[in-house]
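Participant: sharing a model that was predicted from the sequence below.
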Amino acid sequence: MRVYKENINIGQTPMGNELSILKYTIDSGNPGKTIYIQSGTHGGEVTQWILHELFSYLQNNLKRGKLILVPNANPVSWLQRNYFSTNGKFDMYMGKDWNRNFPGDEQGSLGERIASVLFEQARHADFVLDLHTSRWSLPFAIYFNKEMKKYTEVFGLEYNQFIDTTIKTSYKNTVNVSLFAVGVPSLCIECGGHDAYEPENIELVKNGILRILKFFGLIDNAPIATAAEQQIFYDKTITYTASKGGLIRLAKKLGEYVQKGDVLYYYYDNNDLGNIQNIIAKHNGVVFKISPTHIYWTGDEVVQLIEQ
Ligand SMILES: [Zn+2]
């Protein structure tokens, strides 16, 4: 096995510092499929724990083909730091989600140039994984086309969200949808919460990646944890939003089952001290995504359930 590291230039800062993306090619030396994995398109989405573990695992276990790893797909988004928060979801120059620039444009904005460099790496692979995190959430796979569902079954997470891009057209310029347009299969994996170290989630996602590598023949024989016993596929989630500004504290935990009539969260009214209201669930479902804050403006998303 050989490891090649390459820095791909994407431009310069105003001070003239080079901006580059580090790409690893882990080559088994034997013919086989090429899998491409990127993470860190959005600054602050800490998924690289998984790639550290994966990299160590592959030292002895990569048998065929190649794995291309881009751990920090967007160095610019990671520079958007404010005190201890890395606010890398949106390009602060363009106001745009960094994952809406694909397939990119090498003469375009910095975001489009970054996308163009990444897309050029990804489009030659046999399969692509794009790793993200989502607020405070359980790990889940996202697939944008029914044909990709079979890969979520291989990946084997419990929760699997289908986003129909003919309805939700805003996903059109994500890396996954752009890859599908050129015939490259892929999944988006939300690996858990933002800026978090969650050992169970790291293990779940790492094992999902290994099942994909096994499926494509890159590793063999090595024992890998089995997929989730029960997989849940959903295309609709229920979002609760704050009806007034204030402080909110959740009554339920991630992964907890909620029944209609249960207290879902507590609302603290700062114009009326001592007034703490119980907000009641109107649906049966599982808590799968929570906003990573207690501070709410009117209309902010508080919690999402998968209806059951
Ligand atoms: Zn993301």
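Facilitator: Done, it's in.
Participant: could you look up the SS state of Gln59?
Facilitator: Per DSSP: H, G, I helix; E, B strand; the rest coil, the local secondary structure of Gln59 is helix.
Participant: quick check, pLDDT for it.
Facilitator: For Gln59, the pLDDT comes out at 91.
Participant: kindly report the same for Leu67.
Facilitator: Reading off the model, Leu67 has pLDDT 98.
Participant: show the contacting residues for it.
Facilitator: If a contact means CB atoms under 8 Å, 6 or more residues apart in numbering, then Leu67 has Tyr24, Thr25, Ile26, Thr34, Ile35, Tyr36, Ile37, Leu58, Leu213, Leu218 as its contacts. Placement of C-beta: from N, CA and C, glycine included.
Participant: do that again at 6 Å, thanks
Facilitator: Ile26, Ile35 (CB atoms under 6 Å, 6 or more residues apart in numbering).
Participant: how near is it to the ion?
Facilitator: Distance, Leu67 to the ion, by CB to the ion, to the nearest Å: 21 Å.
Participant: also Ser134?
Facilitator: 7 Å.
Participant: show the pLDDT at that residue.
Facilitator: In this model, Ser134 carries a pLDDT of 96.
Participant: residues near it, how many?
Facilitator: By the criterion of other CB atoms under 10 Å, Ser134 has 23 neighbours.
Participant: then the one 10 residues further on?
Facilitator: Here the neighbour count serves as a burial measure; for Phe144 (other CB under 10 Å) it reads 22.
Participant: correct me, but it touches Ile167?
Facilitator: No. The criterion here is CB atoms under 6 Å, and Phe144 misses it with Ile167 at 11.2 Å.
Participant: mutual contacts of these two, please.
Facilitator: In contact with both Phe144 and Ile167: no residue, using CB under 6 Å, 6+ apart.
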